[in-house]
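J.: return a 3D structure for these sequence lines:
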Amino acid sequence: MSPAGASSRAAAPPLPPPGNLSDGAASVWRRLAPLVPPGKLTPATSDLFAMFCAQVATWWEASELVDAAGLLTAVAAELAVNPALAIRDRADQMTQKWARAFGLMPDEPAAPAGRPAGIRHLREA
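T.: Numbers count the residues shown, from 1 in each chain. I've put the predicted structure just below:
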C-alpha cells in the first residue's frame, strides 16, 4: 500500500542524454531533464531537447569566452566587439524558445491593458 497522497505509480526517470551530445550539453540534459513536466520529454521530442541542451551549453561556453577576453577584442590595430557576444545572444534567443516548449520557463506576467498606472498622458497634465 502506498503512503497517503503518494501516487501508486512512480514517475518514470527522465530519458538519458543521447551519446552524441557534447559533454557540456549532456551535463545540461542531466541537470534539466528531471525538471521537465511529465509528457514533454519523450522519445519523439528528445532531438528537440538535445537542441535546447546544446544551446544552453553554447551560451555557457560563449559566456566563458567573453569573461576571458572581454567585450572588445583586438583585430589588427582596431578594437572590435567580441564575436562570442553574438553567439551568446543567439543561444539565449534559442534557449528561451526551447525552454518554453519544454515547460522550463516561469510563467510570464500578462501584459497590462492600456498604459501603465501612474503615467499620465501629456494632455492630462
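J.: all contacts plus neighbour counts: C-alpha atoms, from now on.
T.: Noted.
J.: return the distance of the longest helix seen in the chain from the chain's centre.
T.: In the chain, with assignment by DSSP state H, the single longest helix is helix 46-69. Helix 46-69 has its C-alpha centroid displaced from the chain centroid by 9 Å (C-alpha atoms, centre = their mean, to the nearest Å).
J.: now do stretch 82-98
T.: The answer for stretch 82-98 is 10 Å, by C-alpha atoms, centre = their mean.
J.: ok, back up a step: show me which residues of the longest helix of the chain are buried.
T.: If you call a residue buried by 16 or more other C-alpha atoms under 10 Å, then helix 46-69 has these buried ones: 46, 48-63, 65-66.
J.: secondary structure element for residue 24?
T.: helix 23-32 (DSSP states H and E).
J.: what's that helix in contact with?
T.: 16-18, 49-50, 53-57 (C-alpha atoms under 8 Å, 6 or more residues apart in numbering).
J.: taking their axis directions, that helix and helix 46-69 sit at what angle?
T.: Calculated by axes from the mean of the first three to the mean of the last three C-alpha atoms, to 10 degrees, helix 23-32 forms an angle of 120 degrees with helix 46-69.
J.: please pull out the lowest mean pLDDT helix or strand from this structure.
T.: strand 72-75 (a mean of 87; mean pLDDT, DSSP states H and E).
J.: lovely, talk soon.
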